[in-house]
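> Got a predicted structure here, sequence first:
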Amino acid sequence: MNILNKLNRKFGRYYISNLMLYIVIGTGIVFAFQYLATDIPLLSFLTFNRSAIIHGQIWRVISFIFIPENMNPISMVFWLYLYWLIGSSLEDYWGGFNFNVYYFSGVIFAAIGGFITGYATIHYLNLTLFLAMAVINPNMQLLLFFFIPVKMKWLAWVDAAFLIYNLIFTPFMSRRIVIVLSMLNFLLFFGGDFFRFIRDKIKYRKIRSSFKNKNR
């Protein structure tokens, strides 16, 4: 975070305001176009394709972030709403520059995974938005499917369980690599706090154990 603060002081004015809104709008446009014009293979021109990128189709390095996760209209409205809500909340909390760093570092790591394995997706990066929000505001309440109130920390536990399950049980090593790389932005932002928390817990248990032994 010290490095991030230094970058913020030097380059803090250079960022895309309301970044998540633009990503959601772009994804929505791609979804609507592909849903209505099924005979035009738009998604095939946007997906991450290592060979095509090497041969000059550079836009695929970034265009894959606009690929819809599914083609169900109701599901897409729900997920796009959640991504916008969480992304805009993180931007309000961190500031635009820091959120841009968080998201685009995740995009870069996902793209690196794509060049290593030939497979890249924005899905796991988007899931880290929920983890980040749960760390910052665990009691934030969302309306799941627009009517079921759920606290962010419970969604984050489900999110983490899903990531761990996929990491352990997927039969594809390429997917494991992509999941790990897609989590690096979260670890860069929160890894230090997590390890300090674990360290403090260990110290607390040692002190407590020592105190109990003295009083026996």
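Thanks, I have it. This is a predicted model, so every value here is computed, not measured.

> L127 reaches D159, doesn't it?
Yes. If you go by Cβ atoms under 8 Å, L127 and D159 touch, sitting 5.3 Å apart. No exception for glycine: its C-beta is placed from N, CA and C like everyone else's.

> so L143 sits in a strand?
Yes. Per DSSP: H, G, I helix; E, B strand; the rest coil, L143 lies within a strand segment.

> For it, give its distance to R175.
Per Cβ to Cβ, to the nearest Å, L143 is found 31 Å from R175.

> Which of those two has more residues huddled nearby?
R175 (17 against 13; other Cβ atoms under 10 Å).

> any idea of the pLDDT on that one?
We have a pLDDT of 85 for R175.

> what about it, which helix or strand?
helix 173-182 (DSSP states H and E).

> That helix: which residues count as buried?
Neighbour-count burial for helix 173-182, counted by 16 or more other Cβ atoms under 10 Å, picks out 175-179, 181-182.

> Which parts of the protein are strands?
Counting by DSSP state E, one finds strands in the chain at the ranges 141-144, 148-151.

> for these, which one ends up most surrounded?
Sort those by mean neighbour count, taking mean count of other Cβ atoms under 10 Å, and strand 141-144 sits at the top with a mean of 14.

> hey, where'd the helices end up in the chain?
All helices of the chain, identified by DSSP state H, fall at 2-11, 19-36, 42-46, 50-54, 60-63, 73-94, 96-117, 123-136, 152-169, 173-182, 184-214.

> mind checking pLDDT for I202?
So I202 comes in at 64 (pLDDT).

> now the one 10 residues further on
The score at K212 is 60. That number is its pLDDT.

> With F186 instead?
pLDDT at F186 comes out at 88.

> doesn't F130 make contact with it?
No. Here F186 does not reach F130: they are 10.1 Å apart, not a contact under Cβ under 8 Å.

> ok, and the closest non-adjacent residue to I136?
Excluding the flanking residues, the one nearest I136 by Cβ to Cβ, 6 or more residues apart in numbering is Y93, at 5.6 Å.

> got the CA positions of stretch 101-109 in PDB?
Extracted in PDB, the C-alpha atoms of stretch 101-109 (Å, rounded to 0.1, in the frame of the first residue of the first chain):
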ATOM      1  CA  VAL A 101      -5.000   0.000 -10.200                       C
ATOM      2  CA  TYR A 102      -6.900  -2.900  -8.600                       C
ATOM      3  CA  TYR A 103      -9.000  -3.700 -11.600                       C
ATOM      4  CA  PHE A 104      -6.400  -3.300 -14.300                       C
ATOM      5  CA  SER A 105      -3.700  -5.100 -12.400                       C
ATOM      6  CA  GLY A 106      -6.200  -8.000 -12.300                       C
ATOM      7  CA  VAL A 107      -6.700  -7.700 -16.000                       C
ATOM      8  CA  ILE A 108      -3.000  -7.700 -16.600                       C
ATOM      9  CA  PHE A 109      -2.600 -10.900 -14.400                       C
END
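
> that older thread, the strands of the chain: lowest mean pLDDT?
strand 141-144 (a mean of 74).

> List the contacts of A160.
Counting by Cβ atoms under 8 Å, 6 or more residues apart in numbering, A160 touches L131.

> Repeat the analysis, applying 6 Å as the threshold.
A160 makes contact with no residue under the criterion Cβ atoms under 6 Å, 6 or more residues apart in numbering.
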